[in-house]
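K.L.:
sequence first, predicted coordinates after that:
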Amino acid sequence: MNILPLFPTAIGKVYKFITEKERLELMASIEKISHTSHGAIKGDGVSTHGLEVDFLNQNIKNRLQDSLNEYAETCGFACGGLVNYWSNIQNADSRLGEHCHPNSTIVGALYINVSEDCELYFHNPNPYIFFTSRTNYNHYNYDWYSIPVENSQLVLFPAWLRHGKNDMINNMNNRIVISFNFGGQKQI
């Protein structure tokens, strides 16, 4: 039988997006910035979301734009520019709640300090998937799916795709991720 994979969701991954030197410099920079609580992080975690902080150099911003352009072209998305970005720091026993990024087109996450078992969780956007009886799970019927992530890796995906995992507890201290919104609004 021929199977037509309707409505696939593309996830872009760039391994070693930044050098080890850049990663360590970013980590030191982020650790010095004042962070506040953020509703998406449950437990011991803080964020610069909503704060006006600028800790990325122009070289990294240009490379982000290049990766964004490539991802958007591959997916056929209208491509704007970097709208905003922020850092999240999570400590042990924290959780990242399931969420999406309204008013954006594409979202990015750059992993600065994560453990070897760190994963990014995505949730099936089909609201009717739970009505389906399943004999086995595969990429056509998962409720959610996770991908492993590593330090210096950039991940890009559509802003409407819900991500985070309410019941997965972060097991490390000082887990640092930079998140990005891309769209047609202001560009940094």
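P.N.:
Looks like it came in fine.
K.L.:
separation between L51 and P148?
P.N.:
According to CB to CB, to the nearest Å, L51 and P148 sit 30 Å apart. (C-beta placed from N, C-alpha, C; glycine too.)
K.L.:
can you list the weak-confidence ranges in the chain?
P.N.:
Counting by pLDDT under 70, the chain has low-confidence residues at 184-188.
K.L.:
tell me, what residue is most central in the chain?
P.N.:
Centroid-nearest residue in the chain: A109, 3.4 Å away (criterion: CA atoms, centre = their mean).
K.L.:
show me where the chain has its strands.
P.N.:
For the chain, the strands defined by DSSP state E cover 12-14, 41-42, 45-47, 81-90, 95-96, 106-113, 119-123, 144-148, 154-158, 175-183.
K.L.:
N84: how many residues sit nearby?
P.N.:
N84: 20 surrounding residues under other CB atoms under 10 Å.
K.L.:
dump the residue contacts of the residue nearest to it when sequence neighbours are not counted.
P.N.:
Nearest non-adjacent residue to N84, counting by CB to CB, 6 or more residues apart in numbering: N181, 5.3 Å away. Shown in contact with N181 (CB atoms under 8 Å, 6 or more residues apart in numbering): L82, V83, N84, Y85, H101, N103, S104, I106, V107, A159.
K.L.:
elements contacting the longest helix that the chain contains?
P.N.:
Using DSSP state H to define each element, the chain has its longest helix at helix 58-75. Applying 3 or more CB pairs under 8 Å, 6 or more residues apart in numbering; DSSP states H and E, one finds that helix 58-75 makes contact with strand 12-14, strand 81-90, strand 106-113, strand 154-158, strand 175-183.
K.L.:
the shortest one: which residues count as buried?
P.N.:
When you say that, I think you mean strand 12-14. Neighbour-count burial for strand 12-14, counted by 16 or more other CB atoms under 10 Å, picks out G12, K13, V14.
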